[in-house]
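Engineer: After the sequence you'll find the predicted model.
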Amino acid sequence: MNKEEGKELLELARISITSNFNKKSIATDKFKEQKGVFVTIYTNNELRGCIGFIYPNTSLGLQVIQAARLAAFHDPRFPPLKKDEVFRIEISVLTKPELIKEKEAEKILANVKIGRDGLIISYGNHSGLLLPQVAVEHKMGKEKFLAAVCEKADLPANFWKSGKSDLYKFQAEIFSE
C-alpha cells in the first residue's frame with residue numbers, strides 16, 4: 001500500500017468512530033483485498049484501545065471500519081471512547097502469519113527481527129499477539145519481546161522456550177495520523 005492509501009484507511013477509521021457517536025452506519029467499497037488489520041487508538045500518546053483481525057474475514061475496508069469501532073468502544077481493557085476525547089489512530093495492515101518451525105530457543109531468536117516482525121503465540125486455549133512496533137516502542141530485545149507475547153497469552157514468560165507452543169511471525173505496514 002502507498003501513503004495515500006494509508007491516509008484513506010486512517011480517514012475511514014476516523015469516520016467509522018465519529019459516525020458511531022451519531023448512530024450512523026458506514027460502509028465502503030474500497031480496499032477489497034483481504035488482509036489482516038489492527039486499529040490502535042491513542043489519547044495523550046497512551047494506548048486507549050487496540051483490536052483487529054489476524055486473518056481476514058472480509059475486505060480490508062470493512063475490517064478497518066469494524067476494528068476501529070471495536071478498538072474505540074469495545075476493548076475490554078478501557079472504557080468506551082467519549083465524544084469529546086481527542087485521539088490519534090494507527091493502522092497496521094498485516095501479512096499472513098508464518099509459523100516459526102524451529103523449536104530451539106537459539107533458532108527461534110535467529111528467526112525474529114525486532115522492528116520488522118510481530119509475534120503470535122498459541123498454546124491450547126492461550127494466545128497472544130504483539131504488533132511489530134511494540135518491541136520498538138518499549139525498547140525490547142528479542143528475548144523480552146518473546147517473553148512479552150507469552151505474558152500477553154497468560155503463559156509463563158519463558159514458555160516460548162518450551163517447544164510446546166506454536167509461534168508465528170508476521171510483518172505490518174503501519175499508517176499513523
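Structural biologist: On my side now, so go ahead.
Engineer: Strands of this structure, start to end?
Structural biologist: Assigned strands in the chain, in chain order: 36-43, 46-53, 88-94, 98-99, 118-123, 126-130, 166-170, 172-176 (criterion: DSSP state E).
Engineer: what's around the closest residue to Ile114 other than its chain neighbours, how many residues?
Structural biologist: Leaving aside its chain neighbours, Ile114 sits nearest to Ala135 (4.8 Å; criterion: Cβ to Cβ, 6 or more residues apart in numbering). For every residue, glycine as well, the C-beta is placed using N, CA and C. Ala135 has 25 neighbouring residues, counting by other Cβ atoms under 10 Å.
Engineer: which residues does Ala135 contact?
Structural biologist: Ile114, Gly115, Lys144, Phe145, Ala148 (Cβ atoms under 8 Å, 6 or more residues apart in numbering).
Engineer: mind listing what the third one touches?
Structural biologist: Listed by Cβ under 8 Å, 6+ apart, the contact set of Lys144 reads Ala135.
Engineer: How about the fourth one?
Structural biologist: Applying Cβ under 8 Å, 6+ apart, one finds that Phe145 lies in contact with Val112, Ile114, Leu119, Leu130, Val134, Ala135.
Engineer: Check the gap between it and Ala157 for me.
Structural biologist: 11 Å (Cβ to Cβ, to the nearest Å).
Engineer: what comes up buried for the helix or strand bottoming out on mean pLDDT in the chain?
Structural biologist: Lowest on mean pLDDT, DSSP states H and E among the helices and strands of the chain sits helix 105-111, with a mean of 93. Buried residues in helix 105-111, counting neighbours by 16 or more other Cβ atoms under 10 Å, are found at Ile108, Leu109.
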